[in-house]
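Chemist: predicted structure and sequence below. I'll ask about it afterward.
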Amino acid sequence: MDIEDLDSNDYHVIKKFCEESFDLNQYPRKYKKDLSSSKASFAEYAEKGTDLYFTGRILCRMGVQFFLFLFQQTIEIYLKAFLIFKSDSIDFKKFGHHDLRKLLDECIKISADTEKAVLDSKHIKFVVYKFDPFNEFSRYPESRHRPGEVMLLMPEERAFLDIFIFEMRKLLGLPQIKDARDFGLGSSNGFVIDNPVLLQFLKEKNINFV
């Protein structure tokens, strides 16, 4: 059976495809992630962070609250990209469980004076501190963090990540995001170009597009 032949409304066909795929072991294998020394380049980390940023900004513009988690993840991955940029080997485990403040403190610690002026600025700290709680909030209903305590109004929230991405890409020596299919990095977001609504959500009042 070929996946292209499936009708998304045909329950029995999809069920049969899943069963056949399971018998053929056609699913990802588990693996042990090595967190002690990343082999990925800082640019590859930034690209993943940009994927999350794009998705989060679109959801933010739509008023879907899950954008908060995606923004938190964006910040985390961009800060890790900076740590890789500055060091050959980083043990991410020592920073705790998705602790943005610890990651930022380490970035400041190993940064040069010009970099420190940006990372230790109040506007960058505000963004990091603001989204730090949202690794759990918006994913779990029992989270103790209530949106009214740390949120402003959607969709204005997107502006905070716009400025964070703008500053971090300058520190990493990455180009501004271009209005092209590759968005200045990889091709994983090329589909957005073909959707004028999504593209508008990305570009609207966004300092990152040139």
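Modeler: Yep, that arrived. Numbering: from 1, shown residues only.
Chemist: the chain: helices as residue ranges?
Modeler: In the chain, the helices defined using DSSP state H lie at 11-23, 42-62, 67-86, 100-110, 113-119, 122-131, 147-150, 158-171, 196-203.
Chemist: what packs against the last one?
Modeler: Counting contacts by 3 or more C-beta pairs under 8 Å, 6 or more residues apart in numbering; DSSP states H and E, the secondary-structure elements packed against helix 196-203 are helix 42-62. C-beta here means a position set from N, CA and C on the backbone, and glycine is covered the same way.
Chemist: in the helix it packs on, what's buried?
Modeler: Under the neighbour-count criterion of 16 or more other C-beta atoms under 10 Å, helix 42-62 has 42, 45-61 buried.
Chemist: contacting residues for F201?
Modeler: 57-58, 61-62 (C-beta atoms under 8 Å, 6 or more residues apart in numbering).
Chemist: now, which of those residues sits nearest R29?
Modeler: I58 (31.0 Å; C-beta to C-beta).
Chemist: so how far is E47 from that closest one?
Modeler: 17 Å (C-beta to C-beta, to the nearest Å).
Chemist: can you pull out the low-pLDDT segments for the chain?
Modeler: 1-8, 32-40, 89, 91-97, 137-154, 179-193 (pLDDT under 70).
Chemist: give me the distance from stretch 107-120 to the chain's centre.
Modeler: Computed by C-alpha atoms, centre = their mean, to the nearest Å, the chain-centroid distance of stretch 107-120 equals 22 Å.
Chemist: before we move on, what about stretch 46-64?
Modeler: Offset of stretch 46-64 from its chain centre (C-alpha atoms, centre = their mean): 7 Å.
Chemist: what's the closest non-adjacent residue to F82?
Modeler: Closest residue in space to F82, ignoring its immediate chain neighbours: C107 at 5.1 Å, by C-beta to C-beta, 6 or more residues apart in numbering.
Chemist: OK, contacts around that neighbour?
Modeler: 79, 82-83, 86, 119.
Chemist: what residues does stretch 76-93 touch?
Modeler: 35-38, 40-43, 45-46, 48-49, 52, 98, 100, 103-104, 106-107, 110-111, 119, 128, 135, 164-165, 168, 171-172.
Chemist: what's the burial count for Y27?
Modeler: 8 (other C-beta atoms under 10 Å).
Chemist: surely Y27 is in contact with S21?
Modeler: Yes - the criterion here is C-beta atoms under 8 Å, and Y27 meets it with S21 at 6.9 Å.
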